[in-house]
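> Sharing a model that was predicted from the sequence below.
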Amino acid sequence: MLQNAQTTLNYYQQIYAKVRTIPLGKIATYGDIARMVGLPRHARMVGNALHALPLDTDVPWQRVINAQGSISLGKLSADGALHQRLLLEAEGVVFQANGKVNLKVYRWRPSVSLFDNAFEGYATNHTACQAL
């Protein structure tokens, strides 16, 4: 799928644009963002893109966490994980006693139209498979 550095850069720009649309006080998972930009099963690429951001970015990277509702930065930097948590708490996101965010409460659920890229071709492929 990824063919060269320019393609990767284009995907990163799509990821950044989508992350900018996450509302204040909401979170999305790496996988959510990957699906929204048409890259299902590429959650790690979303993490890599966010990790590549400069310190003075306007992309609200803190609003992206893992599918378990946890901050993944702790593996890279304990200070980074605490910084992310403090940013989220300042936005009104509440962490449970186990250190996780309740995804049922805080997960961003955009309109279905934002997922069009993720499911493009599904109906055609699904119908073709049923015909077999």
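Done, it's in.

> what's near enough to touch the residue lying closest to residue 15 once chain neighbours are set aside?
Spatial nearest neighbour of residue 15, excluding adjacent residues (C-beta to C-beta, 6 or more residues apart in numbering): residue 49 at 4.4 Å. Bear in mind the C-beta positions are built from the backbone N, C-alpha and C, glycine included. Taking C-beta atoms under 8 Å, 6 or more residues apart in numbering, we find residue 49 in contact with 11, 12, 15, 16.

> any chance of the residues you listed in JSON lines, plus neighbour count, pLDDT and secondary structure?
Putting these into JSON lines (neighbours: other C-beta atoms under 10 Å; pLDDT from 0 to 100; DSSP: H, G, I helix; E, B strand; the rest coil) gives the following:
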{"residue": "11", "neighbour count": "21", "pLDDT": "94", "secondary structure": "helix"}
{"residue": "12", "neighbour count": "18", "pLDDT": "96", "secondary structure": "helix"}
{"residue": "15", "neighbour count": "27", "pLDDT": "98", "secondary structure": "helix"}
{"residue": "16", "neighbour count": "20", "pLDDT": "98", "secondary structure": "helix"}
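
> and of the residues you listed, the nearest to residue 99?
Of all the contacts of residue 49, residue 99 sits closest to residue 15, with 25.3 Å by C-beta to C-beta.

> hmm, which two among the contacts of residue 49 are most spread apart?
Of all pairs in those, the most separated under C-beta to C-beta is 11 and 16 at 9.8 Å.

> rewinding a little: can you tell me which of the contacts of residue 49 is nearest residue 4?
So of these, ranked by how close each gets to residue 4 (C-beta to C-beta), first place is residue 11, at 11.1 Å.
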